[in-house]
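Trainee: how would this look folded up:
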Amino acid sequence: MPSRRQLLVAGSLAVAATAGCLGDDDDPEDPEPADDESDDDDTAVTVSDPDAPLVTTVDRRTADDNDEDTEDIVLATYGGVDDIGTVEYDDTREIYHVPIRFADETVDNFVAELEAVDGFSDPMAQELQVHVDGEVIGSYALGPDFAASMEDDNWDGSFSIMGEEAELEELRAEFDTE
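Mentor: Residues are numbered from 1 along each chain as shown. Down below sits the predicted model:
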């Protein structure tokens, strides 16, 4: 079983490493399809509770593990997910993960909320928490590379969630893909 420190480091690296890996929606030569045109991706994602927090953040410098008053700031909800992949195992890092992509509006909110709490000034102190059924299943440092991609407006909303296979399958089950 990997230690919390290993998960935090792996999470930071994976999130930063996957930023942009699901493609580039901002390519000016590839215009957005009109509302009545179908996209190449026929998969639609719906969720049973779109307002439930998926990713929240707390500042490790001010948070106390026993402090019930620490406010989690919601960065993304389940309803903000545009696409979700399948649960996969990474042989190199020996961990399960599931790739997701957030909608543009969610990406903007994610970045704005981190800016509002000065999260980019010390990204290793900013903790991102992933929730399933109201429980935290993973906790990762924001990390300097991921923070820089957001500050430079280069993050396309790609995000990789790591954890135990059963927890990730439970997360994925929250979404209906058609």
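
Trainee: so where's the protein shaky on pLDDT?
Mentor: By pLDDT under 70, the low-scoring segments of the chain are 1-45, 63-70, 177-178.

Trainee: Could you pull out the buried residues of stretch 113-132?
Mentor: Residues 113-114, 119-120, 123, 125-132 are the ones in stretch 113-132 that count as buried (16 or more other C-beta atoms under 10 Å). C-beta: built from backbone N, CA, C; applies to glycine.

Trainee: what does it contact?
Mentor: 11-12, 15, 52-61, 63, 72-75, 136-144, 146-147, 150-151, 161, 163, 167, 170-171, 174 (C-beta atoms under 8 Å, 6 or more residues apart in numbering).

Trainee: Can you flag the buried ones in these?
Mentor: 11-12, 15, 52-60, 63, 73-75, 137-143, 146-147, 150, 161, 163, 167, 170-171, 174.

Trainee: so of those, which ones are in strands?
Mentor: 53-59, 73-75, 137-141, 161, 163 (DSSP state E).

Trainee: Neighbouring strands - and their directions - for the strand or helix carrying residue 89?
Mentor: Using DSSP states H and E, residue 89 maps to strand 88-90. As defined by DSSP bridges, the strand partners of strand 88-90 come to strand 95-102 (antiparallel).

Trainee: Tell me which helix or strand comes right after the partner strand.
Mentor: Sequence-wise, the next helix or strand downstream of strand 95-102 (DSSP H and E) is helix 104-116.

Trainee: Skip ahead from that next one and say which helix or strand is next.
Mentor: Sequence order places strand 126-132 as the next helix or strand after helix 104-116, per DSSP H and E.

Trainee: quick one, that following strand and strand 95-102 angle?
Mentor: Here the directions of strand 126-132 and strand 95-102 differ by 90 degrees (axes from the mean of the first three to the mean of the last three C-alpha atoms, to 10 degrees).

Trainee: Pull the contacting residues for residue 85.
Mentor: Contact analysis of residue 85 by C-beta under 8 Å, 6+ apart lists 98-100.
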